[in-house]
Structures are given as structure tokens and as C-alpha cells.
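K.L.:
Here's my sequence, what's the structure:
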Amino acid sequence: MVGTEVAPATKEAVLDIRNLRISYGSKVALNDVTLDVRPNEVFGIIGPANSGKTSFLKAITRMDDFNASMNVSGQISFLGKDVTKWRNVFALRRRVGVVFPLPVGLPLSVYDNVALAPRLGGTKKKADLDEIVERCLRRAALWDEVKDRLDSLGSLLSGGQQQRLTIARALSQDPDLLLLDEFSIAVDPVTTMRIEDVIRELKNEISIIMVTNLVQQARRLADRTAFFLNSEFVEVGDTSPMFEGEVQDQRTHDYITGRFG
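P.N.:
Numbering: from 1, shown residues only. Next up, the predicted model:
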């Protein structure tokens, strides 16, 4: 049955990456990544464009299954289980929520955008769906703004509201891990701050990987931060010391301080 597969839990790490290599044909996108993501942390990933950050997120959710040119080697363990061992890839993806850089609103009402995944997972009773929709919209700091227009098209919301709607939709799956891929690229600074507040709250419930092109955003939100550069995994460390100059590689300091990027 779809969605019934359960991975063995681990207290040590939600996600454990060992010697990960990603390539597209002969072009290497990311090489030799070893890191972990721990329970209830925001894990930041920074680096210039074309450093392999988005490819990293795609590998976690097995998007290489849909791209014949994408090759992934090494080990990715989610909740203690190698992602390649999940017989049902859709069950895996229901445990990993994804928010893309640009709001991707489904051509549905606000309500149905959030209720879609629970319905596909077997939830049929309206009372149960109502509870899920309200809870997820509240967690995404959107409920008060849309509670009186749940039947309106999600695409009619403002850009910032649509981005928070995508977060609510991702949360409707009850994920253990949330992947945020440059969520603030298309929203205004005020909305960015609101979403950052949402992230701080969500950290109490789930683990979050946050790819960001704003290094100061990583400084504000991430417990630990990894730096990717030109398809290379340069280093990972606690965010505060890293931003205070305690780095293993001078290139990390140069990027953080704006000397290139």
C-alpha cells in the first residue's frame, strides 16, 4: 500500500551522507560530500551558483530516478535507511517536504493545495482534512490571512503568500525533513523575515535543510553550515564560529565576507 513503508528511526542523525558524488554525464556537479543532519536543527548550505547545492537536494529525494543523465554514488541514509532501499519512492518523498525557489502553486483552491497530499495518503473525512489544513496554514504563518478565502485559487495570493502556501503544502505530508531551496529568492524582505520566524518555530518539530544565496540568512538561522564551491564540498561546521572566522579553508572565510560570490 502506498505510504505504509516506515524506515527505522535513529537518534544520531535524520540524514547521513557518506562520500556522495553527483554527476550529469561527464560533468561533476558535486564531489565527495560527507555530512549529517541532526534532529531538530536547521542545516544551512551556502555557496555560489552552480556549486551543486540544488543537485544535493535532488539526490536526497531520488530525483535521479527521473533524469537518466544524473548519476549518484555514495550513500544517503534517511532515518537510518539507505534511500535506494526504499521500495516505494513516493513513501520516501512524503517524509521529505520540499519548497522550491519560486512558489509553485497548484491550480487549486488554497484549501485543496494543502489537502491534496493528505487525500492522496488516504484521508477522506472532511473534519480531518479541515484540521490538517488549518494546522499547516498556521504553522506556515498564513492562516489569519487566508482563513476567509480558502476556496479562492492559491494562484491569486501574493507572491509571499504563495511561498508560505508551498510551505504549508509541504508540511501537510508530516515530513521528518524539510528542504528549502532558496525560499526567499522571489519574496520581499518583510515576507522573508516572516518565513524565517516560521523556520525557527518548525525547528522544534522537524529537521530543516536550508539552501540559501544569502550568507547572512544562514548566519541568522542555521545551527550548522556547509560550504559548497565549484562542485566541491569545502567544509561544514557550527555556524557561529564559522562566521566569526573559525574556518578550515580560507575560501570559506573569503566567501562569507563577500570577497567573491
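
K.L.:
The helix or strand harbouring residue 199 packs against which elements?
P.N.:
Taking DSSP states H and E as the definition, residue 199 sits inside helix 189-202. With contacts taken as 3 or more Cβ pairs under 8 Å, 6 or more residues apart in numbering; DSSP states H and E, helix 189-202 sits against helix 126-139, helix 159-171, strand 207-211, helix 215-221. Every C-beta, even on glycine, is put in place using the N, C-alpha and C of the backbone.

K.L.:
So what's the gap between the following helix or strand past the first one and the chain middle?
P.N.:
Of the helices and strands lying after helix 126-139 in sequence (DSSP H and E), the nearest is helix 143-146. Helix 143-146 has its C-alpha centroid displaced from the chain centroid by 23 Å (Cα atoms, centre = their mean, to the nearest Å).

K.L.:
Ok, stretch 57-68 next?
P.N.:
14 Å.

K.L.:
Likewise for stretch 130-141?
P.N.:
How far stretch 130-141 lies from its chain's middle: 18 Å, per Cα atoms, centre = their mean.

K.L.:
Next: stretch 188-204.
P.N.:
Counting by Cα atoms, centre = their mean, stretch 188-204 is centred 14 Å from the centre of its parent chain.

K.L.:
which other helices and strands contact the helix or strand harbouring residue 252?
P.N.:
If you go by DSSP H and E, residue 252 is part of helix 250-256. Identification of packing neighbours for helix 250-256 by 3+ Cβ pairs under 8 Å, 6+ apart yields strand 224-229, strand 232-238, helix 239-243.

K.L.:
How many residues are close by residue 260?
P.N.:
Residues near residue 260, counting by other Cβ atoms under 10 Å, number 9.

K.L.:
quick one, what contacts it?
P.N.:
Residues in contact with residue 260 (Cβ atoms under 8 Å, 6 or more residues apart in numbering) are 48, 254.

K.L.:
now swap in residue 247 and tell me
P.N.:
If you count contacts by Cβ under 8 Å, 6+ apart, residue 247 has them with 235, 237, 253, 256.

K.L.:
Could you single out the nearest of the residues you listed to residue 159?
P.N.:
Within the contacts of residue 247, the smallest distance to residue 159 is 28.4 Å, found for residue 256 (Cβ to Cβ).

K.L.:
how many neighbours does the closest residue to that closest one other than its chain neighbours have?
P.N.:
Leaving out its chain neighbours, the residue that sits closest to residue 256 by Cβ to Cβ, 6 or more residues apart in numbering is residue 215, at 5.4 Å. Applying other Cβ under 10 Å, we find 19 residues neighbouring residue 215.

K.L.:
how close does residue 99 get to residue 246?
P.N.:
In this view, residue 99 and residue 246 are 30 Å apart by Cβ to Cβ, to the nearest Å.

K.L.:
For residue 34, see how far away the closest residue to residue 97 other than its chain neighbours is.
P.N.:
Take residue 97 and drop its neighbours on the chain: the residue closest to it by Cβ to Cβ, 6+ apart is residue 170, 3.2 Å away. If you measure residue 170 against residue 34 using Cβ to Cβ, the figure is 27 Å.

K.L.:
From the chain's centroid, how far away is stretch 222-242?
P.N.:
16 Å.
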